[in-house]
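Chemist: 3D model of this:
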Amino acid sequence: GVLQVKDFNIAEKANGVGRGIFVDFDDVMVNGSTLEIHLYWAGKGTTAIPDRGVYGPLLSAIAITPNYDVSTGSGLSAGAIAGIVIGSCIFIGLIFAVLWKKGYLCGDKEDKELRALELQTGYFSLRQIKSATHNFDSTNKIGEGGFGPVYKGILSDGSQIAVKQLSARSKQGNREFVTEIGMISALQHPNLVKLYGCCIEGKELLLIYEYLENNCLARALFGSDDQKLKLDWSRRKKICMQIARGLAYLHEESRLKIVHRDIKATNVLLDKDLNAKISDFGLAKLDEGENTHISTRIAGTIGYMAPEYAMRGYLTDKADVYSFGIVALEIVSGKSNTNYRPKEEFVYLLDWVTSTVISFSKLKIGGVGNMLLVPVNLFVHVGLGLP
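Modeler: From the prediction side, this is the model:
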């Protein structure tokens, strides 16, 4: 340290004893943000207490006035420091803006669930998907559902994919997106569509599936003349059996017992060999086993929902069995349950089949000519839930 004053006579400086005094010391250097003050006895006078009173200084307060003048030597000027601070603030602000735009700063529970999905499945970047679909070109659009449009894509390695895009106007929101990935990522079966992964960037929510060349069963059965497929009886029977196997896996064989809730022809896809695979698990729910489940939110497609579920919200795996029965009738007849009305008194295909089941041998089934009567009647009885 630096000696500031020596042999300081406080009584003389204060013009008497018992009086206060203020002493200023300028240009005191402070190192490491610490100011140290040392008081030494110089060895003069007496250490005994004289008779006439109290001797020695009493420090009652220390006031420090800092000097903020910046040295103009080799250091930075005040303007340079201010520029650095302002620039740093702008840079940090830009980083936060980019992170917010990409959705990384969203803190609610649902967004955290979305981010966690990347760990459950394979992850694709938005750039990869845009390149594969030619920036979601309309010529690559292969379907449209309640979730949003579906596009065909080709990855850089030549692999074909189907990209399901969540529409901003979709009735199926983030919750169903999370449900679909969570459900199907835990399922593996030849008659369920295979999920490759997902893409979550900003507001884009995309599911990437295996591409199935023959689109959906509804298109094969009810599409325009250039879309319909010629399906003989053996092929139709095989498709029915494959859908049933997929449902049996969901209801009984998988580790998670699942009710699909939206079994219909548009949610059954066909590969190049016309093998059937169940898709679209956005409305699926875990089966609670023996505990009956009363749902406050009815979900599904009108015409395919079991009456006890549609009217009372009573949901079990039998709701899927009912829907499968409707699809089986559609496969056998080649007619859409919701669009086929041969007479005004028939609202659905089911009404027509029920009224004509006794004379079913007179019907031309599925538009494929003569069929074996016994197996056809068997599938009609399955569709109607008859013994």
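Chemist: give me every residue that touches Gln227.
Modeler: Asn215, Arg219, Ala220 (Cβ atoms under 8 Å, 6 or more residues apart in numbering). In short, each C-beta sits where N, CA and C put it, glycine included.
Chemist: now for Phe96, how many residues are close by?
Modeler: 12 (other Cβ atoms under 10 Å).
Chemist: just to be sure, it is in a strand?
Modeler: No - following the definition DSSP: H, G, I helix; E, B strand; the rest coil, Phe96 is helix and is not counted among the residues of a strand.
Chemist: can you pull the pLDDT of it?
Modeler: Looking at Phe96, its pLDDT is 71.
Chemist: now swap in Ala11 and tell me
Modeler: In this prediction, Ala11 carries a pLDDT score of 75.
Chemist: what of the one 3 residues further on?
Modeler: Per-residue pLDDT puts Ala14 at 77.
Chemist: could you say what helices and strands the helix or strand containing Lys152 packs with?
Modeler: With elements delineated by DSSP states H and E, Lys152 resides in strand 149-154, which encompasses its position. The criterion is 3 or more Cβ pairs under 8 Å, 6 or more residues apart in numbering; DSSP states H and E, and the helices and strands that strand 149-154 contacts are helix 126-132, strand 141-144, strand 160-165.
Chemist: what comes up buried for the first one?
Modeler: Buried positions in helix 126-132, judged by neighbour count with 16 or more other Cβ atoms under 10 Å: Gln128, Ile129, Lys130, Ala132.
Chemist: got a list of what the residue lying closest to the last one once chain neighbours are set aside touches?
Modeler: Think Ala132. When the adjacent residues along the chain are set aside, Ala132 lies closest to Gly153, with 3.3 Å between them (Cβ to Cβ, 6 or more residues apart in numbering). Contact analysis of Gly153 by Cβ under 8 Å, 6+ apart lists Ile129, Ala132, Thr133, Asn140, Gln160, Ile161, Ala162, Val163, Ile208, Tyr211.
Chemist: tell me how far the second one lies from Ser125.
Modeler: Separation of Ala132 from Ser125 (Cβ to Cβ, to the nearest Å) stands at 11 Å.
Chemist: give me the beta-bridge partners of the residue nearest to Ala132?
Modeler: Bridge pairing for Gly153 (DSSP bridges) gives the partners Ile161.
Chemist: overlap of the contact sets of Ala132 and Ser125?
Modeler: Contact with both Ala132 and Ser125 is made by no residue, according to Cβ under 8 Å, 6+ apart.
Chemist: domain ranges for the protein?
Modeler: Using automatic domain parsing, the domain ranges for the chain come out as 109-210, 217-384.
Chemist: so can I have JSON lines of the ones you listed showing distance to Ile86 and mean pLDDT?
Modeler: As requested, the domains of the chain are arranged in JSON lines below (distance: least, Cβ to Cβ, whole Å; pLDDT from 0 to 100):
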{"stretch": "domain 109-210", "distance to Ile86": "29", "mean pLDDT": "79"}
{"stretch": "domain 217-384", "distance to Ile86": "48", "mean pLDDT": "78"}
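Chemist: would you mind giving those domains as JSON lines with distance to Lys13 added?
Modeler: Conversion of those to JSON lines gives the following (distance: least, Cβ to Cβ, whole Å):
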{"stretch": "domain 109-210", "distance to Lys13": "70"}
{"stretch": "domain 217-384", "distance to Lys13": "88"}
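Chemist: distance of the residue nearest to Asn214 when sequence neighbours are not counted from Ala244?
Modeler: Closest residue to Asn214 apart from its sequence neighbours, by Cβ to Cβ, 6+ apart: Leu270 at 3.8 Å. Computed as Cβ to Cβ, the Leu270 to Ala244 distance reads 16 Å.
Chemist: looking at these two, which is more packed in?
Modeler: Taking Leu270 and Ala244 together and counting by other Cβ under 10 Å, Leu270 has the greater number of neighbours (22 against 17).
Chemist: the more buried one and Asn215 touch, don't they?
Modeler: Yes - in this structure, Leu270 is within contact of Asn215 by Cβ atoms under 8 Å, at 6.8 Å.
Chemist: quick one: the residue nearest to Leu207 when sequence neighbours are not counted and Gly153, what's the gap?
Modeler: With Cβ to Cβ, 6+ apart as the criterion, Leu207 has its nearest non-adjacent residue at 4.2 Å, and that residue is Lys164. Using Cβ to Cβ, one gets 11 Å for the distance from Lys164 to Gly153.
Chemist: got any residues that touch both of these two?
Modeler: Both Lys164 and Gly153 are in contact with Ile208, where contact means Cβ under 8 Å, 6+ apart.
Chemist: done for today, thanks.
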